[in-house]
Every structure is written in C-alpha cells, then in structure tokens.
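> below is the sequence, then the predicted model.
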Amino acid sequence: MSIIAQTEVTRETYWGISSTGYAVFYLLTAITLLVFAYGVYRRFARYADGDDDPFARVDELPRRIAAASKIVLSNEKQFDRDLYGGLMHAFVLWGFLTLLIATLIIGFEQYATEMLLNLSFWEGDFYLAYQFVVDAMGLLFVVGIG
C-alpha cells in the first residue's frame, strides 16, 4: 500500500479532476444559478402582482432592522418555545452560516487573489485553524439536522 504524504499544509481544490470535470462542474453551476434566478424572478413577479399593502411596513425602518437582527442573531424566539428545538435550530443556523461564509471566502481566494495577485493565504497554521473552526461548525450543523 502506498501512502503519499503532503509536505505543506494547504487546501487542495477540486481533488485533481480533469479539464472535462471542470467543464461539467461549471456547466452544472451555471444551470443551477439560472434555475435559481428564474425562481427568484417568478417569486418577485408574483409579489408585484399582489394588492397594495394597507399597512406602512417601512416606517421606522432602522428600528425594525435592529429588532429583526436581534431576533435572528440571538435566536430568542426559538428558545422561548422549546429549549431543545431552539438549540438544534441555532446549530443549524450558525453551522450553515459558517459553512456559507467559509465557502465564499475560499471562492474569493481562488478566483480573486490567486488569479489576479498570485497570492494564496490558505497555508500553514492559519489554514489549520480555519479548517478546525469550519469542521467544528459543520459538526454542529450535522448534529442540528440530526
């Protein structure tokens, strides 16, 4: 059995797939984004066709945004109903948000800093710390779903 050890600690992207694999990946990504954009368009078109709202929903907008942000970030409404359910909801919420942000950061690094500046910052101890946090939050996400 042959085991190949990696000499430097860094993130491997695409696991060495071929150029055909890249093409299929980006084709499927484009199709997914188009279907998503069409769904968003249909949803907003349906809302735009609706009746006018009899209530002023944008009055005191800064206060409303602050109150909504507090509810979302603290998850207080979920904990008020059911402590166990609220905890699982928090695991799913924060795990998903962490994984989303981690993926966006890696995409930015791969398609902006690497291509334009030939700079990669996902190496060494920084990458190990980042990977630990992302894996821990991914575990919380899976526990929350479970």
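Sure thing, it's come through.
> identify the residue nearest A90 in space, chain neighbours excluded?
Among residues not flanking A90 along the chain, N75 sits closest, at 4.8 Å (C-beta to C-beta, 6 or more residues apart in numbering). Placement of C-beta: from N, CA and C, glycine included.
> pLDDT wise, what is that neighbour at?
Per-residue confidence (pLDDT) for N75: 76.
> number of residues surrounding it?
15 (other C-beta atoms under 10 Å).
> what does G95 give?
With other C-beta under 10 Å as criterion, G95 counts 21.
> ok but it is inside a helix, no?
Yes - counting by DSSP: H, G, I helix; E, B strand; the rest coil, G95 is found in a helix.
> would you confirm that it contacts G146?
No - under the criterion of C-beta atoms under 8 Å, G95 makes no contact with G146, lying 11.4 Å away.
> got the contact list for the residue nearest to A90?
86, 89-90, 93 (C-beta atoms under 8 Å, 6 or more residues apart in numbering).
> contacts only, for L140.
91, 94-95.
> which residue is the nearest non-sequential neighbour of Q78?
Nearest residue to Q78, sequence neighbours excluded (C-beta to C-beta, 6+ apart): G86, at 3.6 Å.
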